[in-house]
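Trainee: Kindly return the folded structure for what I paste below:
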Amino acid sequence: MSNLISRIDSIFYPDYNKNWDDLIFRAQILSRLQPHHSLLDLGAGAGIVVQMNFRGLARHVCGVDPDERVQTNPYLDEGRVGVGEQIPYPDASFDVVIADNVLEHLTEPLQVFAEVNRVLKPGGFFLFKTPNRWHYMPLIAQLTPTRFHKFFNKLRGRAVVDTFPTRYRANSKRAVTALAGKSGFEVAELCLIEGRPEYLRFSAITYLIGLLYERVVNASAVFSFARILLIGHLQKLNYMPTHPEK
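Mentor: Alright, predicted model coming up:
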């Protein structure tokens with residue numbers, strides 16, 4: 001990392017670290033999580049994000065992922081191979097379901113939302129963090145192939161094996177609100193956050209461009225639609241909504 005990048009860090013983002021977004025999401029989860037709760041980490045993977053370690057903070061912590069490494073994820077009491085479209089747990093198994101950077105990969109988001117609703121207890125929470133599709137990073141990602149994403153993430157020090165195809169079908173406030181209404185959730189909170197421009201920190205010039213962007217979208221709520229993080233709290237209803245035929 002160049003001296004100029006370090007200088008920008010120290011002047012404009014002194015309180016940020018590499019996983020600032022996961023720290024924000026962790027705080028959101030802890031605001032809902034109770035010691036007696038059962039928690040499901042949907043898309044838990046191999047356990048590479050330490051901020052998603054809730055083992056010992058809940059009664060039981062489970063994880064589901066198509067990657068077989070989920071079975072040895074050290075942050076879980078139990079890991080099962082599976083997909084969000086068919087979660088391998090019975091109805092009403094969990095108090096809280098979390099998904100960290102998962103929604104952008106979903107091909108059938110409504111089916112996944114319905115499955116999350118099924119495995120939640122009445123009143124349970126679905127908490128997620130995902131890129132907002134109207135930020136420049138997802139907009140570029142939607143126009144480029146997965147091989148480019150792997151190349152770019154390799155430049156940023158991320159393992160190629162942990163780079164997956166993206167769809168961005170559940171990545172805006174409007175999309176999430178519609179999916180929630182169709183799958184038995186009410187929206188408790190949806191917030192958009194812009195912080196240190198991680199995707200542009202690979203050079204001083206791009207970093208300064210990202211800094212300017214961050215200042216603009218945080219200057220007014222008018223520009224909030226273009227912030228990077230979409231963090232959501234959905235709560236399971238005690239009944240399924242009805243949708244009359246049109």
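
Trainee: And the lowest mean pLDDT element among the helices and strands of the chain?
Mentor: Within the chain, no helix or strand scores below helix 146-155, which has a mean of 54 by mean pLDDT, DSSP states H and E.

Trainee: check contacts around G195.
Mentor: Going by C-beta atoms under 8 Å, 6 or more residues apart in numbering, G195 touches 13, 16, 20-21, 24, 214, 228-229. Just so you know, the C-beta spots here come from the backbone N, C-alpha and C atoms, and that holds for glycine as well.

Trainee: hmm, 7 Å instead?
Mentor: Contacts were defined as C-beta atoms under 7 Å, 6 or more residues apart in numbering; by that measure G195 touches 16, 20-21.

Trainee: which residues are contacting the lengthiest strand in the chain?
Mentor: For the chain, the strand with the greatest residue count under DSSP state E is strand 120-131. Residues outside strand 120-131 that contact it (C-beta under 7 Å, 6+ apart): 21, 25, 28-29, 32, 92, 94-104, 116, 137-138, 171, 185, 228-236, 238.

Trainee: Could you list which of those residues belong to helices?
Mentor: 21, 25, 28-29, 116, 137-138 (DSSP state H).

Trainee: just checking, Q71 touches G79?
Mentor: Yes - using C-beta atoms under 7 Å, Q71 makes contact with G79 at a distance of 4.7 Å.

Trainee: which stretches of this structure have low pLDDT?
Mentor: Within the chain, the segments meeting pLDDT under 70 span 1, 145-164, 239-246.

Trainee: Could I get the buried residue list for the helix ranked longest in the chain?
Mentor: As assigned by DSSP H, the longest helix anywhere in the chain is helix 204-217. Neighbour-count burial for helix 204-217 flags 204, 207-208, 210-211, 213-214, 217 (criterion: 16 or more other C-beta atoms under 10 Å).
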